[in-house]
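Student: Have a look; sequence and predicted model below, questions after that.
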Amino acid sequence: MSEVLFTVVAILICIIAEGFFSGSEIGVVSADRLRLRHEAANGSKGAKLALKMLEKPEWLLSTTLVGTNISVVTNTTLATALVVSLFGASYSWLAVVFVAPLNWVLGEIVPKSVYQQRANEITPRAIFLLKFFSYVFYPILLVFSIITRFLTRMVGSGESGIFTLREQLISMLHMSGPEGNVTPEQSKMIRQMFKFSDTPVIQAMVPLVDVISVDRSASCAEARELALQSGHKTLVVIDQRVDNVIGMVHTLELLGLDDETPVEAYIRPVKYVGGSKSARELLDDLRHLDDSMAVLVNEFGSARGIVRATDIMQLIVSEYHDEHQLTDDDKDSIRKIAETVYIVNGNVNLDFLNDRLGIETKAGDYSTLAGYLLQKLPDIPGAGVSIQSHDITYTIEESTERRIEKVRITLP
């Protein structure tokens, strides 16, 4: 009888050990790193040790996995031996029937749920025991580490680390709850960054009509005067036609030169890209260039507009700015004049417009409200022209021969 009691106690200890290791696996990943750093700065030894062990997460997670597997194997072996000794070998299947549910519920589901919800409180305490077992399991962990490195070299390591993969970060966002280590504001910002990585660069484009340019035949005096009037230190250089962009010139390089000196000798090359290139890819490209500007061209090689690194960064920022963080230009682009009536600039970004008004204007080969309307009209419309789409009425308030300036939007 004493042997049976000893075996039952050993089985319970194994289940508790399994719960500790499986729960710790979730707890250390869910713990708020900022909170751990704050507690470590206030003298918490557990927080300091947790941050130190998290510097090598593969060892920490391997410790929990080895501990979990040893606990499960030992538990199953003891349960099988107990059943065989009591009922005979023909009833060994009873061990699985009784032990498996205990392992799932008490060894996996319950501990992981508790550790995930109280990760910040439990991790600084549990980390000492994990550190102890990392020493106990060291020979096994060392073998696993060597095998892992060998296999990694065989298959090749990707550009991204194990904890920086896009899919893993998205999974972390889905798992983060009210008690998680990612706040709703942080989650929104990270999701917008992922959205930005898929955003075509055309959404950050400055159209040619808004570009300050100078002809290659212009003199330094003309270029300097244009820079003073526009406030731009960098000018786009064209060759006779505005859609024939051949480069750019830094007006600071023109200071001190003779007024009649042509700017052609100081033209710098620019990068040419298509509108479907992602904003993230272009930003990476521009980081490696001396001049942070690219020209968007169509299939015929004609320029459509320009994109600077600052335009892309502004696109990122505007994705998660709320109403109280909007710039003056953003606030002026959409003006509410009645309960369901708005005056909107034609060059407002469609994504920004959709977010502010709660509508779903689908983007196509255009990124602005004016582009959306021009897809539905044969000519540049004059003031007073109205069209209706999805129960929303768009009325042209101001326009020129070349573009739509302001639109009145009436919601249903």
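Tutor: On my side now, so go ahead.

Student: Which strands or helices does the longest helix along the chain pack on?
Tutor: In the chain, ranked by residue count with DSSP state H as the criterion, the top helix is helix 57-87. Where contact means 3 or more Cβ pairs under 8 Å, 6 or more residues apart in numbering; DSSP states H and E, helix 57-87 is packed against helix 2-30, helix 45-54, helix 93-104, helix 119-136, helix 138-155. Backbone N, C-alpha and C define where each C-beta goes, glycine included.

Student: Let me have those helices in JSON lines, adding distance to Leu82 and mean pLDDT as columns.
Tutor: Below are those laid out as JSON lines (distance: least, Cβ to Cβ, whole Å; pLDDT from 0 to 100):
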{"stretch": "helix 2-30", "distance to Leu82": "5", "mean pLDDT": "86"}
{"stretch": "helix 45-54", "distance to Leu82": "36", "mean pLDDT": "87"}
{"stretch": "helix 93-104", "distance to Leu82": "7", "mean pLDDT": "81"}
{"stretch": "helix 119-136", "distance to Leu82": "26", "mean pLDDT": "89"}
{"stretch": "helix 138-155", "distance to Leu82": "27", "mean pLDDT": "80"}
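
Student: And Ile238, which helix or strand is it part of?
Tutor: If you go by DSSP states H and E, Ile238 is part of strand 234-239.

Student: quick one, the longest helix of the chain and helix 93-104 angle?
Tutor: Put simply, helix 57-87 runs at 150 degrees to helix 93-104, going by axes from the mean of the first three to the mean of the last three Cα atoms, to 10 degrees.

Student: Mind listing what's buried along helix 57-87?
Tutor: Going by neighbour count (16 or more other Cβ atoms under 10 Å), the buried part of helix 57-87 is 59-60, 62-68, 70-72, 74-76, 78-80, 82-83.

Student: Then stretch 374-388?
Tutor: Per 16+ other Cβ under 10 Å, stretch 374-388 contains these buried residues: Leu374, Ile380, Pro381.

Student: average pLDDT for that stretch?
Tutor: Per-residue pLDDT over stretch 374-388 has a mean of 87.

Student: neighbouring contacts of that stretch?
Tutor: With contacts defined as Cβ atoms under 8 Å, 6 or more residues apart in numbering, stretch 374-388 is touched by 364-366, 373, 389, 393-404.

Student: Which ones among those residues map onto helices?
Tutor: Leu373.

Student: returning to what we had before: of the helices and strands packed on helix 57-87, give the one that comes closest to Leu226.
Tutor: Among the helices and strands packed on helix 57-87, helix 45-54 comes nearest to Leu226, with 54.8 Å by Cβ to Cβ.

Student: and the closest one, C-alpha only, in CSV?
Tutor: Output in CSV follows, covering the C-alpha atoms of helix 45-54 (Å, rounded to 0.1, in the frame of the first residue of the first chain):
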residue,chain,number,x,y,z
LYS,A,45,16.6,40.3,-8.4
GLY,A,46,13.9,38.2,-10.1
ALA,A,47,13.3,40.8,-12.8
LYS,A,48,17.1,41.2,-13.4
LEU,A,49,17.5,37.4,-13.8
ALA,A,50,14.5,37.2,-16.1
LEU,A,51,15.9,39.9,-18.4
LYS,A,52,19.3,38.3,-18.4
MET,A,53,17.9,34.9,-19.3
LEU,A,54,15.6,36.4,-22.0
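
Student: Which elements pack onto it?
Tutor: Helix 45-54 sits against helix 2-30, helix 33-41, helix 57-87, helix 119-136, with contacts defined as 3+ Cβ pairs under 8 Å, 6+ apart.

Student: change it to 6 Å
Tutor: The elements that helix 45-54 packs onto, with contact taken as 3 or more Cβ pairs under 6 Å, 6 or more residues apart in numbering; DSSP states H and E, are helix 33-41, helix 119-136.

Student: Show me what counts as buried in that helix.
Tutor: Gly46, Ala47, Lys48, Leu49, Ala50, Leu51, Met53, Leu54.

Student: And for stretch 21-39?
Tutor: 21-32, 35-36, 39.

Student: Met293: which of those is nearest?
Tutor: Closest to Met293 out of the buried residues of stretch 21-39 is Asp32 (40.3 Å), distances taken as Cβ to Cβ.

Student: which phi and psi does that closest one have?
Tutor: phi -70, psi 110 (degrees, to the nearest 10).

Student: And Ser134, how far from Val143?
Tutor: Separation of Ser134 from Val143 (Cβ to Cβ, to the nearest Å) stands at 14 Å.

Student: Comparing these two, which residue is more hemmed in?
Tutor: Ser134 (19 against 10; other Cβ atoms under 10 Å).

Student: show me the contacts for the more buried one.
Tutor: For Ser134, the contact set (Cβ atoms under 6 Å, 6 or more residues apart in numbering) comprises Thr63.

Student: mind checking how far Val209 is from Arg403?
Tutor: According to Cβ to Cβ, Val209 and Arg403 sit 6 Å apart.

Student: Which residue of those two possesses the greater neighbour count?
Tutor: Counted by other Cβ under 10 Å, Val209 and Arg403 do not tie: Arg403 has more neighbours, with 16 against 11.

Student: Model confidence score at that one, please.
Tutor: pLDDT for Arg403: 85.

Student: Can you give me the separation between it and Ile122?
Tutor: 60 Å.

Student: Show residues contacting the strand ranked longest in the chain.
Tutor: Counting by DSSP state E, the longest strand found in the chain is strand 241-250. For strand 241-250, the external contacting residues (Cβ under 6 Å, 6+ apart) are 208, 234-239, 263, 266-270, 293, 295, 302-303.

Student: Would you mind saying which of the helices and strands packed on helix 57-87 lies nearest Pro111?
Tutor: Per Cβ to Cβ, nearest to Pro111 of the helices and strands packed on helix 57-87: helix 2-30, 3.3 Å.

Student: Give me the helices and strands touching the closest one, please.
Tutor: Short answer (3+ Cβ pairs under 6 Å, 6+ apart): helix 2-30 packs on helix 57-87, helix 110-117, helix 119-136.
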